[in-house]
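# Provided below for reference: sequence and predicted model.
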There are 2 protein chains.
Amino acid sequence: MPPKFLARLATQFPSCLREKEDLIPYSFDGTATYRQMPAAVVFPTTTEEVSALLKLAGEASVPVVTRGAGTGLSGGSLPSEGSLVLCLTKMNRIIETDARNLTLLAEAGACTLEIAQAAEKAGLFYPPDPGSMKVSTIGGNVAENSGGLRGLKYGVTRDYVMGLEVVLATGEVMWTGNKCVKDVAGYTLRDLFIGSEGTLGIVTKVLLKLIPKPAARRTLLAIFNRMEDAAETVSSIVAEKIVPCTLEFLDSVTINCVEDYTHIGLPRDAAAVLLIETDGHPAAVAEEAEAMAALARKHGARSIQTAATPEEAAALSTARRSAFAALARVAPTTILEDATVPRSELVRMIAFIQQTGARHALKIGTFGHMGDGNLHPTFLTDERNAEEMHRVETAMKEIFDFAIQLGGTITGEHGVGLAKKNFLRAALGDLNVETMRKIKQAFDPANILNPGKIF
Amino acid sequence: MPPKFLARLATQFPSCLREKEDLIPYSFDGTATYRQMPAAVVFPTTTEEVSALLKLAGEASVPVVTRGAGTGLSGGSLPSEGSLVLCLTKMNRIIETDARNLTLLAEAGACTLEIAQAAEKAGLFYPPDPGSMKVSTIGGNVAENSGGLRGLKYGVTRDYVMGLEVVLATGEVMWTGNKCVKDVAGYTLRDLFIGSEGTLGIVTKVLLKLIPKPAARRTLLAIFNRMEDAAETVSSIVAEKIVPCTLEFLDSVTINCVEDYTHIGLPRDAAAVLLIETDGHPAAVAEEAEAMAALARKHGARSIQTAATPEEAAALSTARRSAFAALARVAPTTILEDATVPRSELVRMIAFIQQTGARHALKIGTFGHMGDGNLHPTFLTDERNAEEMHRVETAMKEIFDFAIQLGGTITGEHGVGLAKKNFLRAALGDLNVETMRKIKQAFDPANILNPGKIF
């Protein structure tokens, strides 16, 4: 970082961090094994400040990495060595909830949970619920196009973004989208920014779509002796044309880690647990819950618990919601993956993950969004053990290759960032990657926005 | 068109059209007042042929305009003078309906209605229903990101596109997207192509998402003496957090034209008719229909008809579905516009359209998707009357300016094409338009794909 730039930065943003001990907390995100030191961290409080910072950085050719809560799982917000980190957590206002148009406008650093709560206060619903939503920022959710546990019925972050304020590499401020539920005026710049991981522009405000809150909800937990039975239950639910909001699973490794952590009474000898949630009109919910319980029984569920109260439902959800935390306690390094396949290929993919773990003598806990075909095989390992890490990498590559072979993708909801960039060409092909590079070049010819990510 | 190119074209595609009388049917689309003659029309039957044609055209710098059924309402598929038209109507196969993954794969020239019917045959549902769906092609729907009558609840074409096969300007064939319900690997090229009106690439195959078919449906027709009451009814339905699949309206001009055309018994003295449709679980449908009828009555509806049978429902829908055809009979030239505003601004926008018509002594029939804020003010005029056309243009500009002022857009579902390109900068601002131009430049540096559209 050029000294002249640093001096100007310190003058204009006196609260910026530059000492090594202050920078360490910003040298990693939620992604295991990655650490890179920034040169400085700054906390803009307005769009104008973000714009001024980008102009400064552009003049000095200093790379800029945007960061929210740092919960990302692909290294998307990991600083490049010597970069300037723009941490947007002080731009965290919820600016407006518009019940007449069913929209909510927030700054990029607003917390996802607070947005969900603001929507609820207006009798409305913001469905996307990434695992980290208690701390994650909406800007980070947009940058990675985050999913969550309700994707099956309600979709992902993209499906709720109506408009964005974005600061371009030049420092120019763009607004794309509006409160209209339909708009086809020109190319969809909004969609292009969603999931672009801060490489095309810096999202500073987000206009979100809200929907009416479902009137009723029913939560079930089905326990299986065989993983295949759980997967067949999911397939049969889709085949019966039922779309519950949640169809999540835990495998036996995850069940045991969760039980060690939470003591909620999960059966340690089960091969799989399925968390099923349906919401909507009370009559529809009652019928769907009954139909899904019958399908689970038909496919060999050994027991089915139905939550009688919202508290019981929350307790059942805890089993799934705490899966990552529970697995992370077990080993020094937890590598959470994100392979995703068409739903018809679930059984094959899950079996392959289990075989791959056995073949390489690795401990893998798998959980995830079974209804979405979105699996989180989680390697419980130790990054200090170079030999084991080599086996982890080999196994991971085999899992991605197999997912691609089944018509799947290397990342369902975590993004490419640093962790998946070496797999992108295999997943998409050269033509797609080169086309994406051309877009990057058009938006950021000097490559100052989150350089080295995705590509 | 260079003679050498024409000679090669005629050799490789002997069925291509080159005679003036054969070209005339391809010199216009559904957009009033626009006519431009192509130099040749060719009917490729495979992606490989589209690729070969683009390579040929690229070498000779011949502009290429892609066309489906030619039902577009913004001139998006209108040929540039001297261009080669690629008419994809012979690539009309529905390749696969995959009930396990709830997807359908079709060639770009497949008819929208046939796709909806194929989905229905599998017990599934393809919701987007643009007005022209009986003849429109899915490729055209993707190119314009078409809406329809069910947008309020089910969204537009974009919401159902999971993957696309696209031939780039170079002739290279790209596949973007897959059968996974979640995928965040890289920039969303798929979304960029949707709504790009054939200016970035030529869509040759479309992978669509299907959803379970709703179990029940209820259709109502509410009749109002005051337009404001109809608009207030719509606002109150949204405020009550009810999301029906359809909330359409006709104004008095349109009511009378429809009645002249269909003789279905619409009240000629009414100021507005509201077509309301709800679908889903039978219990939810019954409750929502009752609640909406009560809201309509509360806001002054003078009568409410509920369809007792699917046939009666179809008859009520006919009133709305035939609006454009009915208006088109009345005057030599029918200019259908597409101004869209946030739902909270509906009352102001409708009043402004009526005042603008009166101020310029023009006949405007307005109908459209009131629940979406998407209005179709339709000028009943005569393009041979230069003086009147001048007033039409002035009125149109005033309507667009007011829509933009209200936070709206110049096109909700018809696209920019030729008809709206002069309004794009006012709607989006210079920075957005220049950014879109950079994308166009990155995809098609020689500007051979549908040149002169959008920008």
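Yep, it's here.
# What residues of the helix or strand of chain A with the lowest mean pLDDT count as buried?
In chain A, no helix or strand scores lower on mean pLDDT, DSSP states H and E than helix A:310-321, which sits at a mean of 88. For helix A:310-321, a neighbour-count test (16 or more other Cβ atoms under 10 Å in any protein chain shown) marks A:313, A:315, A:316, A:317, A:319, A:320, A:321 as buried. For glycine as for every other residue, the C-beta is placed from the backbone atoms N, C-alpha and C.
# and that helix, what other elements does it pack with?
Here helix A:310-321 touches strand A:216-224, strand A:246-251, helix A:252-262, strand A:272-280, going by 3 or more Cβ pairs under 8 Å, 6 or more residues apart in numbering or on different chains; DSSP states H and E.
# Any chance you could list what contacts the helix or strand that comes right after the first one?
Downstream of strand A:216-224, the next assigned helix or strand under DSSP states H and E is helix A:227-239. Taking contacts as Cβ atoms under 8 Å, 6 or more residues apart in numbering or on different chains, the residues outside helix A:227-239 that touch it are A:222, A:224, A:244, A:247, A:249, A:251, A:271-274, A:276, A:292, A:295-296, A:298-301, A:343-344, A:346-347, A:350-351, A:354, A:370-371, B:99-100, B:102.
# got the residue ranges for the helices in the stretch 51-200 of chain A?
Using DSSP state H, counting those that start in this stretch, the helices found in the stretch 51-200 of chain A span residues A:112-121, A:138-144, A:151-154, A:189-193.
# Compare those helices and give me the one nearest chain B.
Nearest of these to chain B, taken as Cβ to the nearest Cβ: helix A:189-193 at 3.7 Å.
# near chain B, anything from the closest one?
Yes. Residues of helix A:189-193 are located near chain B by Cβ under 8 Å from any Cβ of the partner chain, namely A:189, A:191, A:192.
# Can you tell me which helices and strands that helix packs against?
Partner elements for helix A:189-193 (3+ Cβ pairs under 8 Å, 6+ apart): strand A:161-167, strand A:173-177, helix B:189-193, helix B:430-443.
# got a markdown table for the ones you listed, with distance to residue A:14, mean neighbour count and mean pLDDT too?
As requested, these are exported to a markdown table (distance: least, Cβ to Cβ, whole Å; neighbours: other Cβ atoms under 10 Å in any protein chain shown; pLDDT from 0 to 100):
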| stretch | distance to residue A:14 | mean neighbour count | mean pLDDT |
| --- | --- | --- | --- |
| strand A:161-167 | 21 | 24 | 98 |
| strand A:173-177 | 24 | 21 | 98 |
| helix B:189-193 | 41 | 24 | 98 |
| helix B:430-443 | 31 | 18 | 98 |
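# What is the burial count for residue A:15?
10 (other Cβ atoms under 10 Å in any protein chain shown).
# Check residue A:265 too.
10.
# Need the three-state assignment for it.
coil (DSSP: H, G, I helix; E, B strand; the rest coil).
# I'd like to know how far it sits from chain B.
According to Cβ to the nearest Cβ, to the nearest Å, residue A:265 stands 31 Å off from chain B.
# Might you report the residue contacts of that residue?
residue A:259.
# Sweet, I'm off.
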